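Colleague: Next come a sequence and a model predicted from it.
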Amino acid sequence: MNDSEHLTRRLPNDIGGLPAERIQRTEHDLEPWEKRCHALADVLDFHKIINTEEKRRGVEALGAEMVGKLTYYERWITAFANILFQKGILTPRELARKMDEVEARSVSNPP
Amino acid sequence: MNQGRHDPHDHPHDDRHSEISQSAHPGYFDVMETAVRELLVEKRLIGPGEIRRQIEVLDSRTPALGSKVVARAWVDPGFRARLLANGRSACEELGISFYDDTQLIVLENTDKVHNLIVCTLCSCYPRPVLGLPPDWYKLKPYRARAVSEPRAVLAEFGTVIPADVEILVSDSTAMVRYLVLPKRPEGTREYTEEQLAGLVTRDAMIGVAVIDVETSGVPQ
Amino acid sequence: MQNESRATAKATPGPVAALGEEPVFRAGDAVRILTRSPIGHYRVPTYVRGKKGRVEAVIQPAGIDNEEEAYGRNAGSKLHYYRIAIPMTEIWSDYSGSPLDALRIEVFESWLERS
């Protein structure tokens, strides 16, 4: 199997049995936005706006580099944005504008 | 841009993040989450209180629920039989709801069998009874190796299972989640159900640890 | 009228299940996981494809094919998942643990054949 074929055939999350490092017993308490992101995932699934399987597919579709380098909830929120665009629920422009608005609000109103 | 980031590889036991998020602007992905959520609320696709309510649900799910289930199974043979026959309905008897539409298979450890759970494809985990999984459960080393060299993985957790005990690795892929029912440790005959629950650890219910009454610190 | 209803009762074979409603495999059946390579989304990891095992249990209730669910199909026809038992030595030719060790994994009906 050549390299390019392999990239399509084997999804980046399909890692059972691959060589890997020793276990580092890492844990962290979720940051507030990470917990909100998890709750958002559950609520999106309850409404079948994005079901759990669509969320998984959306993360896999980010590709190996992003799956490898983004943290867990960074992958989730990026996948949610992409899926909401694909479904016509949000547009890239309105998300960009809303992000600017949220950013501006946090600058004028620091926590 | 990156203050909200947390890479467990870089900071295995780092607790600086709460300080960082208190003092800095929200990170890029934090802003994205807020923006997506607010747009969905504005479009009336989700209700304004739904996320807050689901956070309360998530916060209410901790390994203490699983410990309660295990201790009940140890003291009540009828409950143990129902739990092994249908994990979900037995947990529901104790008021633990399954908000995420999953089924639950409870895997009993015995003198002959030791169970270990993993999700090689993502991070499936019995969230209704244990809460959210630890980082290591979601990272490559555990997911990649638990199915091909479970004994080496267990040894890295300090758990050595004799060769004449069968190791069963359950890989979650679809609608079923797993919970390990650990062996009740020796010397606990006089323990109350509550004391027994105090012995049960999250890692024992994942199957990467066994319960040792010597090190648990619960008074006899 | 009376005769007719008696005749009907005798001839009725009982309720007929719809296609896919009844699980095709039963606990104890010897099966093999198929070797196809779907792209886009799948929940049968590469490491178990082509491996032989045994059905330990039928998972209830039936579910939607998660390869289709991933593209937004939330309802419609369902099949069963099965809890499949596979010896580690069947999966990994160089398995270094005990020969008793084994895997359990859920596999959708469309991924299984009798072996």
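Modeller: Arrived safely, thanks for sending.
Colleague: what mean pLDDT does the lengthiest helix in chain B have?
Modeller: For chain B, the longest helix by residue count, based on DSSP state H, is helix B:28-42. Averaging pLDDT along helix B:28-42 gives 98.
Colleague: next SSE after that helix?
Modeller: As assigned by DSSP states H and E, the chain's next helix or strand after helix B:28-42 is helix B:50-59.
Colleague: in chain C, which segments are predicted with low confidence?
Modeller: By pLDDT under 70, the weakly predicted segments of chain C are C:1-11.
Colleague: how about a cut-off of 80?
Modeller: For chain C, the stretches flagged by pLDDT under 80 are C:1-12.
Colleague: the inter-axis angle of the longest helix of chain B versus helix B:50-59?
Modeller: Counting by axes from the mean of the first three to the mean of the last three C-alpha atoms, to 10 degrees, helix B:28-42 points 120 degrees away from the direction of helix B:50-59.
Colleague: How far does stretch B:96-106 sit from its chain's centre?
Modeller: 13 Å (C-alpha atoms, centre = their mean, to the nearest Å).
Colleague: start to end distance for stretch C:91-106?
Modeller: Terminal residues of stretch C:91-106 are spaced 15 Å apart (C-alpha to C-alpha, to the nearest Å).
Colleague: which residues sit against it?
Modeller: Under the criterion C-beta atoms under 8 Å, 6 or more residues apart in numbering or on different chains, residues A:17, B:147-152, B:163-176, C:45, C:47-48, C:51, C:56, C:59, C:81-89 lie in contact with stretch C:91-106. Just so you know, the C-beta spots here come from the backbone N, C-alpha and C atoms, and that holds for glycine as well.
Colleague: can you pull the buried residues of it?
Modeller: Of the residues in stretch C:91-106, C:91-92, C:95, C:97-98, C:100-106 count as buried by neighbour count, 16 or more other C-beta atoms under 10 Å in any protein chain shown.
Colleague: could the residues you listed go into JSON lines alongside secondary structure?
Modeller: JSON lines is the format used below for the buried residues of stretch C:91-106 (DSSP: H, G, I helix; E, B strand; the rest coil):
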{"residue": "C:91", "secondary structure": "helix"}
{"residue": "C:92", "secondary structure": "coil"}
{"residue": "C:95", "secondary structure": "coil"}
{"residue": "C:97", "secondary structure": "coil"}
{"residue": "C:98", "secondary structure": "coil"}
{"residue": "C:100", "secondary structure": "coil"}
{"residue": "C:101", "secondary structure": "coil"}
{"residue": "C:102", "secondary structure": "strand"}
{"residue": "C:103", "secondary structure": "strand"}
{"residue": "C:104", "secondary structure": "strand"}
{"residue": "C:105", "secondary structure": "strand"}
{"residue": "C:106", "secondary structure": "strand"}
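Colleague: right, and the pair among the residues you listed with maximum separation?
Modeller: C:98 and C:106 (23.7 Å; C-beta to C-beta).
Colleague: The least confident helix or strand in chain A by mean pLDDT vs chain C: in contact?
Modeller: In chain A, no helix or strand scores lower on mean pLDDT, DSSP states H and E than helix A:3-9, which sits at a mean of 89. Yes - judged by C-beta under 8 Å from any C-beta of the partner chain, helix A:3-9 comes into contact with chain C at A:8-9.
Colleague: Same check on stretch B:89-109?
Modeller: Yes - using C-beta under 8 Å from any C-beta, stretch B:89-109 reaches chain C at B:103, B:105.
Colleague: And residue A:30, how far from residue B:125?
Modeller: Remark: distance between residue A:30 and residue B:125 (C-beta to C-beta, to the nearest Å) = 14 Å.
Colleague: which one of these two has more residues nearby?
Modeller: residue B:125 (23 against 18; other C-beta atoms under 10 Å in any protein chain shown).
Colleague: tell me which element the more buried one is part of?
Modeller: Counting by DSSP H and E, there is no helix or strand that carries residue B:125.
Colleague: Show the contacting residues for it.
Modeller: Residue B:125 is in contact with B:117, B:119, B:132-133, B:137, B:172, B:177, counting by C-beta under 8 Å, 6+ apart.
Colleague: Of these, which belong to strands?
Modeller: Taking DSSP state E as the definition of strands, these contribute B:117, B:177.
Colleague: Nearest to chain C among the contacts of residue B:125?
Modeller: Lowest distance from chain C to the contacts of residue B:125 (C-beta to the nearest C-beta) belongs to residue B:172, with 7.2 Å.
Colleague: picking that back up, check the offset of the least confident helix or strand of chain A from the chain's centre.
Modeller: Taking the mean of its C-alpha atoms, helix A:3-9 sits 22 Å from the chain's own mean (C-alpha atoms, centre = their mean).
Colleague: Can you tell me which residues in chain C are near chain B?
Modeller: Selection of chain C residues close to chain B by C-beta under 8 Å from any C-beta yields C:43-45, C:47, C:59-60, C:63, C:66, C:81, C:83, C:88, C:91-92, C:95-98, C:100-108.
Colleague: Please repeat the previous calculation with a cut-off of 6 Å.
Modeller: For chain C, the residues in contact with chain B (C-beta under 6 Å from any C-beta of the partner chain) are C:43, C:45, C:59, C:63, C:66, C:81, C:92, C:97-98, C:100-106.
Colleague: Where does the prediction get shaky in chain B?
Modeller: B:1-25, B:214-220.
Colleague: can you list the domains in it?
Modeller: B:28-59, B:63-216 (automatic domain parsing).
Colleague: residue contacts, the most centrally placed residue in chain B?
Modeller: The residue lying closest to the centre of chain B (C-alpha atoms, centre = their mean) is residue B:130, at 4.0 Å. Residues in contact with residue B:130, defined by C-beta atoms under 6 Å, 6 or more residues apart in numbering or on different chains, are B:63, B:66.
Colleague: Could I get the phi/psi values of it?
Modeller: Here is the backbone geometry of residue B:130 (degrees, to the nearest 10): phi -120, psi -10.
Colleague: One more: the one 4 residues further on?
Modeller: Per-residue torsions, residue B:134: phi -70, psi 160 (degrees, to the nearest 10).
Colleague: just checking, it touches residue A:27?
Modeller: Yes - using C-beta atoms under 6 Å, residue B:134 makes contact with residue A:27 at a distance of 4.4 Å.
Colleague: So if I had to pick from those two, which one is more boxed in?
Modeller: Remark: of residue B:134 and residue A:27, residue B:134 carries more neighbours, 20 against 12, as counted by other C-beta under 10 Å.
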